[in-house]
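Undergrad: Curious how this folds, go ahead:
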Amino acid sequence: MKHNVLMVEDEAYLAMALQDLLTDAGYQVFGAARLSDALEIADHERVDVALLDINLHGEAVYPLANRLRESGVPFAFASAYSKDTIPPDFHDCELVRKPYTSERIIEAVESMVEQARPH
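TA: Predicted coordinates:
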């Protein structure tokens, strides 16, 4: 079964590369560049895990992060932001710092998929 990844990234080139990487790794990818689109996907699609850029065209992704957390969907921030710039509520969340490697992203997604599996 393919796992569904919600990928929220506003840099078009990076989003395309990330979508290709995740698709090639066997994941179904739902991509969004704006918070409103990402919230819509989260409300209407089965999302297993999510990769979230923090700053989406000047809008913070935290409302989506809260919704995912409330729904029990594992997520990681994929951002150039550092841990000390993230609100304290999210200090326990994984942060994959940009620029990241393909291996690091796949490792983060695989870890979240494992976390999402019922034990």
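Undergrad: show me the contacts for the nearest residue to residue 3 once chain neighbours are set aside.
TA: Closest residue in space to residue 3, ignoring its immediate chain neighbours: residue 48 at 4.4 Å, by CB to CB, 6 or more residues apart in numbering. C-beta coordinates here come from the backbone N, C-alpha and C atoms, glycine included. By CB atoms under 8 Å, 6 or more residues apart in numbering, the contact list for residue 48 reads 3-5, 73-74, 112-113, 116.
Undergrad: next one: residue 42
TA: Residue 42 touches 6, 50, 64, 67-68, 71, 73, counting by CB under 8 Å, 6+ apart.
Undergrad: and it, helix, strand or coil?
TA: Classification of residue 42 by DSSP: H, G, I helix; E, B strand; the rest coil places it in helix.
Undergrad: What count of nearby residues applies to the closest residue to residue 47 other than its chain neighbours?
TA: Sequence neighbours aside, residue 6 is the residue nearest to residue 47 in space, at 4.5 Å (criterion: CB to CB, 6+ apart). When neighbours are defined as other CB atoms under 10 Å, residue 6 has 23 of them.
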